[in-house]
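Student: got a predicted structure plus its sequence, pasted below:
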Amino acid sequence: MVTTPSRDRALGRGVSALIPPAGAGSATDRATAALAALRTVPVHVGVLQAAVVLLEEEQPGADPARAAAIESTVALLRTAIGQAADDLGPSPGRAG
């Protein structure tokens, strides 16, 4: 599909409205906005597993919004990992 420069600019403005660029708000605010704009894309399960490990090691400190964002992101990642395992069906060594 070929897009025109004006369409690309309009799309970029729409994405920027949904997901603030770095420097615009805290990392927690940007992560929350990104989660609100979820869409389905193919990704290797190992990437999801690595993200869970990194997030679980994160120390949110006293910021309850950050802790909630980490918790909800880990839950979404674990759900996606579970769905990927279900999509694969039974295999040797794995119950199913």
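Tutor: Alright, I've got the coordinates.

Student: just give the nearest non-adjacent residue to Pro38, would you?
Tutor: That one is not Pro; residue 38 is Leu. Excluding the flanking residues, the one nearest Leu38 by Cβ to Cβ, 6 or more residues apart in numbering is Leu76, at 7.9 Å. Heads up, the C-betas are built off the backbone N, CA and C, glycines and all.

Student: just say helix, strand or coil for that neighbour.
Tutor: Counting by DSSP: H, G, I helix; E, B strand; the rest coil, the backbone at Leu76 sits in helix.

Student: and what of Leu38?
Tutor: Going by three-state DSSP: Leu38 is coil.

Student: count of neighbours near Leu48?
Tutor: Using other Cβ atoms under 10 Å, Leu48 has 17 other residues around it.

Student: wait, it sits on Ile81?
Tutor: Yes: with contacts counted by Cβ atoms under 8 Å, Leu48 reaches Ile81, the gap being 5.1 Å.

Student: for the helix or strand that contains Thr28, what is the average pLDDT?
Tutor: Applying DSSP states H and E as the criterion places Thr28 in helix 27-36. Helix 27-36 carries an average pLDDT of 77.

Student: ok, and for whichever helix or strand comes after that helix, which residues are buried?
Tutor: Following helix 27-36 in sequence order, the next helix or strand is helix 45-57 (DSSP H and E). By neighbour count on 16 or more other Cβ atoms under 10 Å, the buried set for helix 45-57 is Leu48, Ala51, Val52, Leu55.

Student: can I get the residues you listed in TSV including distance to Ala34 and pLDDT?
Tutor: Output for the buried residues of helix 45-57, formatted as TSV (distance: Cβ to Cβ, whole Å; pLDDT from 0 to 100):
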residue	distance to Ala34	pLDDT
Leu48	15	92
Ala51	12	92
Val52	16	94
Leu55	13	91
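
Student: among these, which one lies nearest to Asp86?
Tutor: For these, the minimum distance to Asp86 (Cβ to Cβ) is 13.9 Å, reached by Leu48.
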